[in-house]
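Visitor: what's the 3D shape of this:
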Amino acid sequence: MPLLELNDVRAAYGRLEALHGINIRVETGEIVTIIGANGAGKTTTLNAICGIVRVTNGSILLEGEEIANRSTKDVVRLGLSQVPEGRKLFSELTVAENLEMGAYLRKKGQEMRMDLDYVYELFPRLKERRKQPAGSLSGGEQQMCAIGRAIMAKPRILLLDEPSLGLAPLLVKQIFEIIQRLQRGGATILLVEQNAKMALETAHRAYVMETGRLTMEGEAEDLLNDPSIQNAYLGGGE
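Guide: Residues are numbered from 1 along each chain as shown. Okay, here's the model as predicted:
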């Protein structure tokens, strides 16, 4: 049984249908990516999973349990945690307070302190800046804080929405190295990303989305070497 499975999912903003019957599966321990142009429906897919966008048809299963149109709080409680596009930190709270907000559904105790230590091990810069307001961090540091906050929820699956957005190339490389390290540590990750090259080099499997439909899927390495993908998303393979 896949950890996460979307079957013929349609979703809408009011009367406007944004997803047109998509099928996605994520196995435990995988990194799966959805690539596509801006406006293709990638973020909408994550928001449908998290209960932010209304699902009008189909099912979303977390280890076989239907979660479509459950409240976002319920979805988090069941084990999904999203790092939203644009980070959306609490800018006036400190780094440490933002991280603690990620664990608001958990009981405080030794396990939570161990998870906080793990976040600081992954992101030493956050430990250095833990008493600073999150709004004073650089873009890269804010992305680290957003990922750390999501980790603090102890998710079964981590949803990452455009983690490279607005970052310098060196920081993009660092963020993707962290994503791989999280997976090696046992995390399951669904990654939405416009940087198709980095996403396909990082993921195990991939889906290509265009205007709310999935047009291709397969092993990430195969799509990375596919001429049509290279021409559409990788600058002709250069």
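
Visitor: Tell me the pLDDT of L167.
Guide: The predicted local confidence for L167 comes out at a pLDDT of 88.

Visitor: Equivalent analysis for the one 3 residues further on, please.
Guide: L170 is assigned 90 on the pLDDT scale.

Visitor: Give the burial count for the nearest residue to A96 once chain neighbours are set aside, as a bare number.
Guide: If you skip the residues right next to it in sequence, A96 has R130 as its closest partner in space, 4.3 Å away by CB to CB, 6 or more residues apart in numbering. All C-beta spots, glycine's among them, are computed from the backbone N, C-alpha and C. Applying other CB atoms under 10 Å, we find 17 other residues in the vicinity of R130.

Visitor: which SSE is R130 in?
Guide: Applying DSSP states H and E as the criterion places R130 outside every helix and strand.

Visitor: Number the residues from 218 up from this point.
Guide: All set: I'll call the first residue 218, so the last point we hit is now R347.

Visitor: Looks like it contacts L310 (just checking).
Guide: No. Between R347 and L310 there is no contact under CB atoms under 8 Å: 11.2 Å.

Visitor: before we move on, the earlier item: tell me the contacts of the residue nearest to A313?
Guide: For R347, the contacting residues are T311, V312, A313, L316, Y337, taking CB atoms under 8 Å, 6 or more residues apart in numbering as the criterion.

Visitor: all strands of the chain, in order?
Guide: Counting by DSSP state E, the chain has strands at residues 221-230, 233-243, 248-252, 271-279, 282-283, 297-300, 374-378, 406-410, 422-427, 430-436.

Visitor: Check the closest residue to G296 other than its chain neighbours and give its pLDDT.
Guide: Once flanking residues are discounted, G296 sits nearest to R373: 3.4 Å by CB to CB, 6+ apart. The model reports R373 with a pLDDT of 93.

Visitor: Run a quick neighbour tally on R373.
Guide: Around R373 there are 16 residues (other CB under 10 Å).

Visitor: Do I have it right that it meets T405?
Guide: Yes. Taking CB under 8 Å as the contact criterion, R373 and T405 are neighbours in contact, 6.7 Å apart.

Visitor: tell me, what's touching the two both at once?
Guide: Common contacts of R373 and T405 (CB under 8 Å, 6+ apart): L220.

Visitor: For the residue nearest to A313, give its distance to M361.
Guide: 12 Å (CB to CB, to the nearest Å).

Visitor: Please apply the same query to M369.
Guide: Plainly put, M369 is 13 Å away from M361 if you go by CB to CB.

Visitor: Report the buried residues of the longest helix along the chain.
Guide: Taking residue count as the measure and DSSP state H as the definition, the longest helix of the chain comes out as helix 386-401. Residues of helix 386-401 classed as buried under the neighbour-count rule (16 or more other CB atoms under 10 Å) are L388, V389, Q391, I392, F393, I395, I396, L399, Q400.
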